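Student: with the sequence up front, the predicted model follows.
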Amino acid sequence: MSLWLRTAHLFRGCRGTLAAVIAALVLAAAGPASAAVVERIVAVVGERAILMSDLRDRASPLLARINQELPAGAQRSAAISQLYKSVVERLVDEELISRVARKSKIIISDKDVQSALETLARQNNITLERLLLESRAQGQPEAKYRDEIRRQLLEYRVMNVRLQGRVQVRDEDVRRSYHDILMQERKNLGFSAAWILLRPQPNGVPVAELASTVVRSLREGKDFATLARQYSMDRKTAIRGGELGHYAPGKLPTPIDRALMNLEPGETTMPIHIGDSYVVAKLLSRDATQLPTLEEAKAELVERVYSDKMGQARRRWLDGLRKQMHVEIRL
């Protein structure tokens, strides 16, 4: 596991922005850039200038990866350009956070950094010496690594002081998060279904009216298989009570597949209009889920929803600070 991923794990489970933000945006400071660069200003925050050397210094770990993995040319140039844009935005945010920390007299001591490093080593089942050795092996001297930990701790504390009271997790938020995860899993779970296919017939009852009759009969408690034998115009499946067999997601027509995705076994759809025909479908079974129940996953879901909401609140708060101060990005 790379060092920046290990560092992100330090804040796993913390109720703050770092669980959602730092894990994705940690760009640890490394040694000086190898290529000579003419110094220039890439951003201004208030009276403070952020220099190109600052940008390259912070971006250097991922810059090295890009240079290793992408051939020289347009693709590499585009990746570097996107990296620089992300990093300069991060540097601007850090300057804004530092200003708030100074006003609020929030300070991260050397003892705080040492404790965080020891926690990080313990979480990864390695010694502190091994952790620092890995940082040096990846071109990140101990002093630079400690600076990165200090920045993360500072942001975590500032975010909790300024934003914690603004973020609340409701039961409906947790249920919605679980439903989203459940729907994502269902995209990979096979299922068995049945249908009643209704096509327009010359001089017959209008097909839409016939579909409504079928749905009304189902609501009155009539058996789906019996109705399929009576009404379905797909005679091959009608004799089996409408059973289609077992399908992988995406193999049935999209409107039917999407409707079945939202059902529990035993439930039926409303009439689905496909071309000049209508379909009423029933979910017979679905392959077993690998997910825990909502109650079993609730604690983890609360942390996940809190982290997401805190990340959104963080962005709104920082955007508000930008409007209150002169911020100019010149990249």
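Tutor: Okay, I see it.

Student: and the contacts of the host helix or strand of Ser217?
Tutor: Using DSSP states H and E, Ser217 maps to helix 207-219. With Cβ atoms under 8 Å, 6 or more residues apart in numbering as the contact definition, helix 207-219 has outside contacts at 196, 198-201, 204-205, 224, 227, 231, 268, 270-271, 273, 276-278, 280. C-betas here are computed from N, CA, C, even on glycine.

Student: okay, it in CSV with CA atoms only?
Tutor: Extracted C-alpha coordinates of helix 207-219, given in CSV (Å, rounded to 0.1, in the frame of the first residue of the first chain):
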residue,chain,number,x,y,z
VAL,A,207,-54.7,-2.8,-24.9
ALA,A,208,-54.3,-0.1,-22.3
GLU,A,209,-57.7,-0.9,-20.9
LEU,A,210,-56.8,-4.6,-20.8
ALA,A,211,-53.6,-3.9,-19.0
SER,A,212,-55.5,-1.9,-16.4
THR,A,213,-57.9,-4.8,-16.0
VAL,A,214,-55.0,-7.2,-15.3
VAL,A,215,-53.5,-4.9,-12.7
ARG,A,216,-56.8,-4.4,-11.0
SER,A,217,-57.3,-8.2,-10.8
LEU,A,218,-53.8,-8.6,-9.2
ARG,A,219,-54.7,-5.9,-6.6
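
Student: for it, buried residues please.
Tutor: 207, 210-211, 214-215, 217-218 (16 or more other Cβ atoms under 10 Å).

Student: quick one, grab the pLDDT at Leu331.
Tutor: Leu331 is assigned a predicted lDDT (pLDDT) of 86.

Student: do I have it right that it meets Val44?
Tutor: No: using Cβ atoms under 8 Å, Leu331 makes no contact with Val44, being 11.3 Å away.

Student: how about Ala297: what's its closest non-neighbour residue?
Tutor: Ranked by Cβ to Cβ, 6 or more residues apart in numbering and with sequence neighbours excluded, the top spatial neighbour of Ala297 is Tyr178, at 6.5 Å.

Student: go on, Arg136?
Tutor: Among residues not flanking Arg136 along the chain, Glu142 sits closest, at 6.8 Å (Cβ to Cβ, 6+ apart).

Student: what do you get for Lys298?
Tutor: Among residues not flanking Lys298 along the chain, Val174 sits closest, at 6.2 Å (Cβ to Cβ, 6+ apart).

Student: same thing with Leu198?
Tutor: Spatial nearest neighbour of Leu198, chain neighbours left out: Tyr278 (4.5 Å); criterion: Cβ to Cβ, 6+ apart.

Student: report the separation between that neighbour and Leu284.
Tutor: 20 Å (Cβ to Cβ, to the nearest Å).

Student: can you list the domains in this structure?
Tutor: Following automatic domain parsing, one finds the domains of the chain at 3-170+296-329, 190-286.

Student: tabulate these (a markdown table), appending distance to Met183.
Tutor: A markdown table is the format used below for the domains of the chain (distance: least, Cβ to Cβ, whole Å):
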| stretch | distance to Met183 |
| --- | --- |
| domain 3-170+296-329 | 14 |
| domain 190-286 | 7 |
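
Student: which of those has the lowest mean pLDDT?
Tutor: Mean pLDDT across the domains of the chain is lowest at domain 3-170+296-329; the value there is a mean of 84.

Student: what's the helix or strand for the residue nearest to Lys298?
Tutor: Val174 belongs to helix 171-186 when elements are defined using DSSP H and E.

Student: also Leu244?
Tutor: Element membership for Leu244 (DSSP H and E) is strand 243-247.

Student: could you check the angle strand 243-247 makes with the next helix or strand after that strand?
Tutor: The first helix or strand that comes after strand 243-247 along the chain, using DSSP H and E, is helix 254-261. Taking axes from the mean of the first three to the mean of the last three Cα atoms, to 10 degrees, helix 254-261 and strand 243-247 form an angle of 80 degrees between their directions.

Student: for helix 254-261, what is the distance to the chain centroid?
Tutor: Offset of helix 254-261 from its chain centre (Cα atoms, centre = their mean, to the nearest Å): 24 Å.

Student: tell me the first helix or strand C-terminal of it.
Tutor: Scanning forward in sequence from helix 254-261 by DSSP H and E, the next helix or strand is strand 272-274.

Student: I'd like to know how many residues surround the residue lying closest to Leu260 once chain neighbours are set aside.
Tutor: Nearest residue to Leu260 in three dimensions, chain neighbours excluded: Leu283, at 5.2 Å (Cβ to Cβ, 6+ apart). Neighbour count for Leu283, taken as other Cβ atoms under 10 Å: 20.
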